[in-house]
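Undergrad: no FASTA, just this:
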């Protein structure tokens, strides 16, 4: 398993909005853990079936509520490990993007991407879902655009012939983010259904990447002298002068 735990990015402002989002995610997730009614309401889940042992839940049929539910459900999680994993990823990539986008820009970006990720999941699967990963994939997409060459420190661990192995290494952000997105696309291609919202991930990444790329193209958000955006990385080099 590969786990990013730190990015090599200079932060020019304290990412207070990301800190607030992390705190809200923890509080609302714990609230949902302790109160099933709160969980089902924020997740947009309606009870169906015969009740008791035969009870079941489905996504609310009120399509007008889907944008609201897409945001509220992003603050819920299915368990402690699910919560811990998303908190780590949001901490690693969100602090950098909050610093880059500013507080207002970041909160608008995050919430709108959470909504689009949720709507993508609802429309393509028809099922409810919880978790911040759709919005986090949008944040990772913005990291890809603005910090493609900045190092991401990664810890890894696995079992090998009953022996536990672990270590750490560094990799440029472009490879880390692209690897995660390709994994989701492969899971979608092979129809893997293991309780992971791959469509929500893609539904967050695609608009997040588009918005971040547009902001870079319009120079609304610009890199510092020691940074290079994805646009600059793949910009055509000027032809050499010909002398005669």
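TA: That came through fine. Just so it is clear, the model here is predicted, and its values are computed rather than measured.
Undergrad: what's the average pLDDT for stretch 70-79?
TA: What stretch 70-79 shows for mean pLDDT is 97.
Undergrad: again, but for stretch 198-208
TA: On average, stretch 198-208 scores 97.
Undergrad: with stretch 114-124 instead?
TA: 97.
Undergrad: which other residues reach that stretch?
TA: 59, 66-67, 69-71, 73-74, 127-129, 132-135, 137-138, 197, 199-204, 207 (C-beta atoms under 8 Å, 6 or more residues apart in numbering). Quick note: C-beta positions are derived from backbone N, CA and C, even for glycine.
Undergrad: for this structure, which segments count as helices?
TA: 16-34, 36-42, 66-72, 80-89, 95-101, 103-125, 133-146, 173-189, 198-217, 230-233 (DSSP state H).
Undergrad: just the buried residues of the contacts of stretch 114-124.
TA: 59, 66-67, 69-71, 73-74, 128-129, 132-135, 137-138, 197, 199-204, 207 (16 or more other C-beta atoms under 10 Å).
Undergrad: show me the one of the helices of the chain that comes nearest residue 10.
TA: helix 95-101 (8.3 Å; C-beta to C-beta).
Undergrad: where does the chain dip in pLDDT?
TA: 49-55, 159-162, 193-194, 237-244 (pLDDT under 70).
Undergrad: centroid residue for it?
TA: By C-alpha atoms, centre = their mean, the chain has its centre lying nearest to residue 136, at 1.6 Å.
Undergrad: run through the residues that contact it.
TA: Residue 136 sits next to 86, 89-90, 93-94, 204 when contact means C-beta under 8 Å, 6+ apart.
Undergrad: residue 165 versus the closest residue to residue 176 other than its chain neighbours, what's the distance?
TA: Leaving aside its chain neighbours, residue 176 sits nearest to residue 152 (4.6 Å; criterion: C-beta to C-beta, 6 or more residues apart in numbering). As judged by C-beta to C-beta, to the nearest Å, residue 152 and residue 165 stand 20 Å apart.
Undergrad: and for residue 36?
TA: 40 Å.
Undergrad: cool, and residue 13?
TA: Relative to residue 165, residue 13 is positioned 39 Å away (criterion: C-beta to C-beta).
Undergrad: ok so, going back, so residue 152 and residue 165 - more neighbours on which side?
TA: Higher neighbour count among residue 152 and residue 165: residue 152, with 23 against 10, using other C-beta atoms under 10 Å.
Undergrad: show me what that one bridges to in the sheet.
TA: Assessed by DSSP bridges, residue 152 has beta-bridge partners residue 7, residue 171.
Undergrad: mind listing what it touches?
TA: 4, 6-8, 92, 170-173, 176.
Undergrad: apply 7 Å and report the result again.
TA: 4, 7, 170-171, 173, 176 (C-beta atoms under 7 Å, 6 or more residues apart in numbering).
Undergrad: go on, residue 15?
TA: With C-beta under 7 Å, 6+ apart, residue 15 has these contacts: 94-95, 98-99.
Undergrad: ok, 10 Å please
TA: 21-22, 91, 94-101, 103, 106 (C-beta atoms under 10 Å, 6 or more residues apart in numbering).
Undergrad: most neighbours out of the contacts of residue 136, which is it?
TA: residue 204 (31 neighbours).
Undergrad: which residues does that one contact?
TA: Contacts of residue 204 (C-beta under 10 Å, 6+ apart): 74, 110, 113-118, 120-121, 132-141, 197.
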